[in-house]
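> what follows is a predicted structure for the sequence shown.
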Amino acid sequence: MARYARISEIEYELPDRVLDNEMLAREFPEWDVDKIFQKTGINERRIVADDETASDLAFRACEKLFAHSTTSRDDIDCLIYCTQSPDYMLPATACILQHRLGLPQHCAAFDFNQGCSGFIYGLGLAKGFIESGQCRNVLLITADTYSRYINPKDKSVRTLFGDGAAATLIQASDQAQPSLERFRYGSDGAGASNLIVPMGGARRPLVAGQVPDEYGDDSGNVRSDANLYMNGSAIFEFSMTQVPKLFASLFDEHFTVEHSDLFAFHQANQFMLDALRRRLKLPAEKFITEFRHCGNTVSSSIPVALKEALNKGQIQRGHAITAVGFGVGYSWGGCVIRW
């Protein structure tokens with residue numbers, strides 16, 4: 001009997017600490033509250049506490065999911081953890097989460113580092129595990145805490161990114177619908193330096209006690225090579241070039257843009273999403289935007305948006321949702337989620 005992969009549950013978790021536009025405006029007097037919102041479309045971001053990690057958010061998102069799901073923890077046979085904020089260089093944080101969540105020891109567990117397109121890649125991995133007969137219940141977790149990498153004096157990224165985690169349960173079904181379909185992927189490492197934390201890995205390790213020098217840019221932002229750097233104009237150019245190509249590849253004579261009930265793109269910021277929506281000529285009422293309350297949560301931005309749309313009744317059974325992730329790497333991916 002054929003197996004098909006489908007999403008059955010989504011939950012997400014945000015930290016308690018709030019960084020709102022009023023707080024940022026006090027720190028950056030040249031940017032008032034309205035200017036920050038006009039540039040980003042974001043009212044507030046959630047930031048982890050000093051003793052809180054991405055896996056703590058991931059754990060709480062999973063606990064929410066199990067509290068509402070009819071699926072037992074004992075039924076989970078694969079845990080996939082997408083993060084760019086691991087607890088340790090080794091071991092894999094997925095293994096730590098397997099134990100902490102009380103999942104069975106026959107559960108596979110692994111990390112992968114993907115960022116903004118990570119949810120799409122994770123869905124593709126889950127689909128492969130399920131439809132090849134290796135697993136029946138896959139727990140996909142996305143969690144990032146970019147605030148750990150951001151210099152507080154760098155408003156170019158501090159105004160955009162928020163911390164968060166999401167847990168998505170993908171299950172096997174003998175029915176062709178709902179389903180996960182039409183996966184497309186791409187990458188271009190030539191753009192790696194345009195969204196990067198230059199120091200801290202094996203290529204440029206941080207020596208114990210080392211405090212890298214800070215430097216400023218022409219816009220007055222301050223950072224060191226141990227902080228997150230984003231070349232905003234290059235990221236925008238990449239997105240406006242590759243996302244339309246990716247988007248077009250998801251459609252053909254059997255499934256057209258008009259057949260898609262909703263569009264869920266990586267929730268980068270308002271300026272980026274508005275530009276893409278206009279370029280692709282997509283109706284605003286079909287375009288999910290859910291980041292005002294949390295900012296750009298990187299790998300969790302699409303599942304957070306999907307959960308919010310579900311809560312509002314925007315997603316209905318039978319809907320086809322075109323999902324598109326893009327960003328750090330450069331990396332991009334898209335698929336169609338039939339609900």
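Perfect, I can see it now.

> who touches residue 17 in this structure?
Contacts for residue 17 (CB atoms under 8 Å, 6 or more residues apart in numbering) come out as 46, 47, 48, 49. (Each C-beta comes from the backbone N, C-alpha and C, glycine too.)

> contact partners for the second one?
Right, residue 47. Per CB under 8 Å, 6+ apart, neighbours of residue 47: 15, 17, 18, 19, 147, 162, 163.

> so what does it have for phi and psi?
phi -130, psi 130 (degrees, to the nearest 10).

> need the buried ones from the contacts of residue 17 selected in ChimeraX.
For the buried members of those, the matching ChimeraX selection, counting by 16 or more other CB atoms under 10 Å, is:
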select :46,47,48
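
> among the contacts of residue 17, which are in helices?
If you go by DSSP state H, these have nothing in helices.

> which of the contacts of residue 17 fall in strands?
46, 47 (DSSP state E).

> can you redo the contacts of residue 17 as TSV with pLDDT?
Listed next are the contacts of residue 17 as TSV, based on pLDDT from 0 to 100:
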residue	pLDDT
46	98
47	98
48	98
49	98
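
> closest to residue 291 out of the contacts of residue 17?
residue 46 (11.3 Å; CB to CB).

> hmm, residue 20 and the closest one touching each other?
No: Residue 46 lies out of contact with residue 20 (CB atoms under 8 Å); the separation is 10.1 Å.

> ok, back up a step: got a winner among the contacts of residue 47 for most neighbours?
residue 163 (30 neighbours; other CB atoms under 10 Å).

> so who does that one touch?
Each residue near residue 163 by CB under 8 Å, 6+ apart is listed here: 14-15, 45-48, 54, 57, 144-147, 297.

> and stretch 110-117, end to end?
Separation of the first and last residues of stretch 110-117 by CA to CA, to the nearest Å is 17 Å.

> again, but for stretch 82-100
In stretch 82-100, first residue to last residue: 17 Å (CA to CA).

> circling back: how about the contacts of residue 47 in JSON lines, adding pLDDT and secondary structure?
As requested, the contacts of residue 47 are exported to JSON lines (pLDDT from 0 to 100; DSSP: H, G, I helix; E, B strand; the rest coil):
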{"residue": "15", "pLDDT": "98", "secondary structure": "coil"}
{"residue": "17", "pLDDT": "98", "secondary structure": "strand"}
{"residue": "18", "pLDDT": "98", "secondary structure": "strand"}
{"residue": "19", "pLDDT": "98", "secondary structure": "strand"}
{"residue": "147", "pLDDT": "98", "secondary structure": "helix"}
{"residue": "162", "pLDDT": "98", "secondary structure": "coil"}
{"residue": "163", "pLDDT": "98", "secondary structure": "coil"}
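
> taking those, tell me the two that lie furthest apart.
Farthest pair in the contacts of residue 47, by CB to CB: 18 and 147, 12.1 Å.

> just the buried positions in stretch 223-236, please.
223, 225, 226, 227, 228, 229, 230, 232, 235, 236.

> give me the most central residue, the chain.
The centroid of the chain falls nearest to residue 299 when counting by CA atoms, centre = their mean (1.6 Å).

> which SS state does that one fall under?
Under DSSP: H, G, I helix; E, B strand; the rest coil, residue 299 falls in the helix class.

> so who does it touch?
82, 83, 84, 114, 115, 116, 118, 119, 122, 142, 143, 144.

> rewinding a little: which one of the contacts of residue 163 is nearest residue 4?
Taking CB to CB as the measure, residue 4 lies nearest residue 297 of the contacts of residue 163, at 28.5 Å.

> which residues touch the closest one?
Applying CB under 8 Å, 6+ apart, the residues contacting residue 297 are 14, 144, 161, 162, 163, 164, 166, 267, 291, 304.

> I'd say the last one and residue 167 touch.
In other words, residue 304. No: Residue 304 lies out of contact with residue 167 (CB under 8 Å); the separation is 11.1 Å.

> show me which of those two is the more surrounded one.
More crowded of residue 304 and residue 167, by other CB under 10 Å: residue 167, with 30 against 27.

> now the contacts of residue 163 in JSON lines, with distance to residue 188?
Below are those laid out as JSON lines (distance: CB to CB, whole Å):
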{"residue": "14", "distance to residue 188": "31"}
{"residue": "15", "distance to residue 188": "32"}
{"residue": "45", "distance to residue 188": "28"}
{"residue": "46", "distance to residue 188": "31"}
{"residue": "47", "distance to residue 188": "31"}
{"residue": "48", "distance to residue 188": "30"}
{"residue": "54", "distance to residue 188": "26"}
{"residue": "57", "distance to residue 188": "30"}
{"residue": "144", "distance to residue 188": "21"}
{"residue": "145", "distance to residue 188": "26"}
{"residue": "146", "distance to residue 188": "21"}
{"residue": "147", "distance to residue 188": "27"}
{"residue": "297", "distance to residue 188": "23"}
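
> farthest pair in the residues you listed?
Largest separation among these by CB to CB: 45 and 54, giving 14.8 Å.

> could you point out the longest helix in the protein?
Assigned via DSSP H, the chain shows its longest helix as helix 232-249.

> excluding covalently adjacent residues, which one is nearest to residue 143?
residue 165 (3.5 Å; CB to CB, 6 or more residues apart in numbering).

> helix, strand, or coil at the one you found?
strand.

> can you give me the neighbour number for it?
Neighbours of residue 165 under the rule other CB under 10 Å: 34.

> do residue 286 as well
Residue 286 has 16 neighbours, counted by other CB under 10 Å.
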